[in-house]
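Colleague: Build me a model:
(chains A and B)
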There are 2 protein chains.
Amino acid sequence: MEPAQPAQKPPAYKLSIRVDLANGGRIGPGKVLLLEAIARTGSISAAGRALRMSYRRAWELVEDLNRTLGTPVVNTSAGGPGGGGATLTAAGSAVIDQYRALELAAYQTAETHVNAILEACQKGEKRS
Amino acid sequence: MEPAQPAQKPPAYKLSIRVDLANGGRIGPGKVLLLEAIARTGSISAAGRALRMSYRRAWELVEDLNRTLGTPVVNTSAGGPGGGGATLTAAGSAVIDQYRALELAAYQTAETHVNAILEACQKGEKRS
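Modeller: You can find the predicted model right below:
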């Protein structure tokens, strides 16, 4: 017996998209996940922990975005005993929203092409 | 004075797309460039040289595609003193054609989103 399937079956593929801007900025899945985790946790260190990333690495990725995009993506405030907080700037939110929209659009157009690759491979398999 | 612009200005960004198939196959810019070079040069070793890639690395990438896609992407023939030749199979050609079509479609939908990121960053820059 087949296990119960969710109403919408998951795609048979995953896309990883990196956007390299002319100004040197590189926006990819890792940085977008980090920004999302900062928005969720309100802290760069908590976001790093959530993604099993060192604090240093999380900071480097944020600093890299700030520098290459020419504007901060994260606002930080020095905090008390619990450490400072971090919130996304409008630019940081735009990076997430637009990257996810771009990714969704890419998935919508990719399906036909990925299926054509899989079909060509199935034909090849039968022939060989 | 502005320098003369080509009729169609190059995009201010570059997309790098990797497709991870459910069967473990990974198709990205490097493997597609390699398949294109094999089609052009008729040889895996010449294709590797053209891409400044070791012969071993070029073979590994081809073998990885053959294995994960379940069908050969390249037909090889043992050759004489000049070495054997290599041609793409229908599956190998489909990988190139469909990946490039997917990439083109992604570029067409990405522009609006990338511009929105750049605009949000310009606004942030003025404010800070």
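
Colleague: surely residue A:99 meets residue A:27?
Modeller: Yes - assessed by C-beta atoms under 8 Å, residue A:99 is found in contact with residue A:27 at 5.8 Å. In this view, the C-beta of every residue, glycine as well, is placed from N, C-alpha and C.

Colleague: Are there residues contacting both of these two? Which ones?
Modeller: Any residue near both residue A:99 and residue A:27 by C-beta atoms under 8 Å, 6 or more residues apart in numbering or on different chains counts here, and that gives A:19, B:117.

Colleague: now the strand ranked longest in chain A and strand B:13-21, what's the angle there?
Modeller: In chain A, taking DSSP state E as the definition, the longest strand is strand A:13-21. If you take axes from the mean of the first three to the mean of the last three C-alpha atoms, to 10 degrees, strand A:13-21 sits at 160 degrees to strand B:13-21.

Colleague: Please tell me how far the very next helix or strand once past strand A:13-21 is from the chain's geometric centre.
Modeller: Next in sequence after strand A:13-21, counting helices and strands by DSSP states H and E, comes strand A:26-27. Distance of strand A:26-27 from the chain centroid (C-alpha atoms, centre = their mean, to the nearest Å) equals 10 Å.

Colleague: ok, strand A:26-27: who's next to it in the sheet?
Modeller: Partners of strand A:26-27 in the sheet, by DSSP bridges, are strand A:13-21 (antiparallel).

Colleague: Going by neighbour count, list what's buried in the strand it pairs with.
Modeller: Of all the residues in strand A:13-21, those buried under the rule 16 or more other C-beta atoms under 10 Å in any protein chain shown are A:13, A:15, A:17, A:18, A:19, A:21.

Colleague: could you dump the residues you listed to JSON lines with pLDDT?
Modeller: Converted to JSON lines, the buried residues of strand A:13-21 look like this (pLDDT from 0 to 100):
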{"residue": "A:13", "pLDDT": "94"}
{"residue": "A:15", "pLDDT": "97"}
{"residue": "A:17", "pLDDT": "98"}
{"residue": "A:18", "pLDDT": "97"}
{"residue": "A:19", "pLDDT": "97"}
{"residue": "A:21", "pLDDT": "93"}
